[in-house]
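Q: Predicted structure and sequence below. I'll ask about it afterward.
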Amino acid sequence: MEKPSLFRLASSFFKINMVTFGGGYSIIPVISKTYVEKWGYLSEEEMLNLIALCPSVPGAMAVNASVLVGYRLRGKTGALVSFIGAILPPLFIITAVFYFYAEFQSNQIIQAVLNGMRGAVSAIMLYATFNMAKGALKSNKIFSILMMSSIFLIGYFSDVPTVALILSAGAIGFFYFRIFKTLVLKGGL
């Protein structure tokens, strides 16, 4: 498999993070489209696995996704250049906002643009969720449907912290795929 250059990693994550608004999950479809569909550096399954790891690592989802993709493709150096490419755009934007905060806050055009972006971010989030679910349902449909439905219902109707849901889903998946399927279904017990 061909690997991207370090410059390509850094510059692509710089561009992606420069134009992606709305939080971590809004960046996932853009990274997936770039690294899975456009360049073919990752398979859809690899991308889903990396996305699943992102919330378990402290930090911003967008940066975590960038670092994990960089690490998967080019090791520690790839993770570092992807990290730098991912954090520079928010750093520039936050610096500009800091210096021009009063003007931004009172500017009706900027406020209208930010309000309009909320709808677009919602659409991006739905698109990302749909693609992740579609990928997860390609294999182990029953398990995936039960897991997604259960986690959604528990998260929506209770005050269980998201971190606890993610860790629980990971533990259940590990138990099911590594222990149950290996020992019980293949005759190990």
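A: Received the coordinates, thanks.

Q: other SSEs contacting the longest helix along the chain?
A: As assigned by DSSP state H, the longest helix anywhere in the chain is helix 61-106. Identification of packing neighbours for helix 61-106 by 3 or more CB pairs under 8 Å, 6 or more residues apart in numbering; DSSP states H and E yields helix 6-19, helix 28-32, helix 44-53. In short, each C-beta sits where N, CA and C put it, glycine included.

Q: Let's test this: mean pLDDT of it, rounded?
A: Confidence for helix 61-106, expressed as mean pLDDT, is 91.

Q: for stretch 110-117, same thing?
A: Mean per-residue pLDDT for stretch 110-117: 83.

Q: buried stuff in it?
A: By neighbour count on 16 or more other CB atoms under 10 Å, the buried set for stretch 110-117 is empty.

Q: where does it sit relative to the chain's centre, distance-wise?
A: Using CA atoms, centre = their mean, to the nearest Å, the distance from the centre of stretch 110-117 to the centre of the chain it belongs to is 24 Å.

Q: Next secondary structure element downstream of the longest helix of the chain?
A: From helix 61-106 onward toward the C-terminus, using DSSP states H and E, the following helix or strand is helix 108-136.

Q: that older thread, would you turn the helices and strands packed on helix 61-106 into TSV with mean neighbour count?
A: Shown next, in TSV, are the helices and strands packed on helix 61-106 (neighbours: other CB atoms under 10 Å):
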stretch	mean neighbour count
helix 6-19	19
helix 28-32	22
helix 44-53	17
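
Q: could you redo the ones you listed as CSV and give each row distance to residue 111?
A: Formatted as CSV, the helices and strands packed on helix 61-106 follow (distance: least, CB to CB, whole Å):
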stretch, distance to residue 111
helix 6-19, 20
helix 28-32, 25
helix 44-53, 32
